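**Q** turn this into a model:
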Amino acid sequence: MDRPEALAFDMYGTLVDPIRIWQQLEIYLGDSALRAAEIWRAKQLEYTFRLTAMQHYEDFEWVTRRSLDYALASLGYDLADEQRRTLVGAYDDLEPFAGVHESLHQLRSKAPTMAVLSNGSPRMLQAVARSARLGDVFDILISVDEVRTYKPSPLVYQHAAHRLGRPIAEVRLISSNPFDVIGAAAAGMQVVWLDRSAGLFDPLGPRPDLMVTSLAELAERL
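**A** Have a look, this model is predicted:
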């Protein structure tokens with residue numbers, strides 16, 4: 001390849017930790033907080049898949065609110081509207097994983113272009129990038145809202161390559177979500193699986209050639 005790849009990073013689960021929102025949930029749910037956070041995240045992803053299959057679009061804030069409603073109902077909780085708004089608002093302040101800032105700056109020195117490619121709405125991405133102090137690292141924040149469909153639709157990855165002004169094969173997606181890695185690879189992107197928890201890679205697609213356990217490892221290997 002004649003020039004370095006552009007790097008596109010998933011946001012939720014890759015740069016910031018959506019499960020750590022259990023600390024806010026604990027205020028209302030006590031010992032059920034961690035389980036609620038896990039259900040919330042799982043249902044959030046499920047809703048994006050279902051909306052995409054139905055060829056219907058609601059933005060990620062809508063999805064996040066509805067998936068919280070499901071998590072609460074599944075555990076037998078009925079919070080007031082103001083409490084639910086507070087919890088959804090906590091998505092604007094998700095904490096970055098340890099070492100993210102340092103590793104991104106190392107990668108910044110090696111990559112001509114760095115972007116976020118996320119299911120998050122534009123407003124959500126701007127807010128979480130600002131609160132997590134990630135905004136100065138990235139050239140662009142790309143939201144699926146621009147094509148009104150969710151990952152892993154190939155339209156998302158094709159659109160990102162277009163926004164970056166690159167052939168899709170010159171863009172590398174870095175994601176901790178196997179479905180995202182598989183979707184990007186199927187669309188023609190280069191990929192990295194960031195395996196933060198020694199997890200199972202989804203057998204729906206082949207394991208990528210490049211797998212790392214941290215962004216610091218990625219900075220060493222690229």
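**Q** A helix includes Ala198, no?
**A** No - in this structure, Ala198 is coil, not part of a helix, as judged by DSSP: H, G, I helix; E, B strand; the rest coil.
**Q** give the burial count for the residue lying closest to it once chain neighbours are set aside, as a bare number.
**A** Nearest non-adjacent residue to Ala198, counting by Cβ to Cβ, 6 or more residues apart in numbering: Thr213, 7.6 Å away. C-beta here means a position set from N, CA and C on the backbone, and glycine is covered the same way. Using other Cβ atoms under 10 Å, Thr213 has 13 neighbouring residues.
**Q** list the contacts of Thr213.
**A** Counting by Cβ atoms under 8 Å, 6 or more residues apart in numbering, Thr213 touches Leu194, Asp195, Arg196, Ala198.
**Q** switch the cut-off to 10 Å
**A** For Thr213, the contacting residues are Trp193, Leu194, Asp195, Arg196, Ser197, Ala198, by Cβ atoms under 10 Å, 6 or more residues apart in numbering.
**Q** same check on Val147?
**A** Counted by Cβ under 10 Å, 6+ apart, Val147 has contacts Tyr57, Ser153, Leu155, Val156, Gln158, His159, Ala160, His162.
**Q** would JSON lines of those with neighbour count, secondary structure and distance to Glu217 be doable?
**A** JSON lines is the format used below for those (neighbours: other Cβ atoms under 10 Å; DSSP: H, G, I helix; E, B strand; the rest coil; distance: Cβ to Cβ, whole Å):
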{"residue": "Tyr57", "neighbour count": "16", "secondary structure": "coil", "distance to Glu217": "36"}
{"residue": "Ser153", "neighbour count": "20", "secondary structure": "coil", "distance to Glu217": "29"}
{"residue": "Leu155", "neighbour count": "17", "secondary structure": "helix", "distance to Glu217": "31"}
{"residue": "Val156", "neighbour count": "24", "secondary structure": "helix", "distance to Glu217": "26"}
{"residue": "Gln158", "neighbour count": "16", "secondary structure": "helix", "distance to Glu217": "29"}
{"residue": "His159", "neighbour count": "18", "secondary structure": "helix", "distance to Glu217": "29"}
{"residue": "Ala160", "neighbour count": "27", "secondary structure": "helix", "distance to Glu217": "24"}
{"residue": "His162", "neighbour count": "14", "secondary structure": "helix", "distance to Glu217": "30"}
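**Q** make a markdown table from these and add distance to Arg172 and pLDDT to it.
**A** Converted to a markdown table, the contacts of Val147 look like this (distance: Cβ to Cβ, whole Å; pLDDT from 0 to 100):
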| residue | distance to Arg172 | pLDDT |
| --- | --- | --- |
| Tyr57 | 27 | 98 |
| Ser153 | 19 | 97 |
| Leu155 | 19 | 98 |
| Val156 | 15 | 98 |
| Gln158 | 15 | 98 |
| His159 | 16 | 98 |
| Ala160 | 11 | 98 |
| His162 | 16 | 97 |
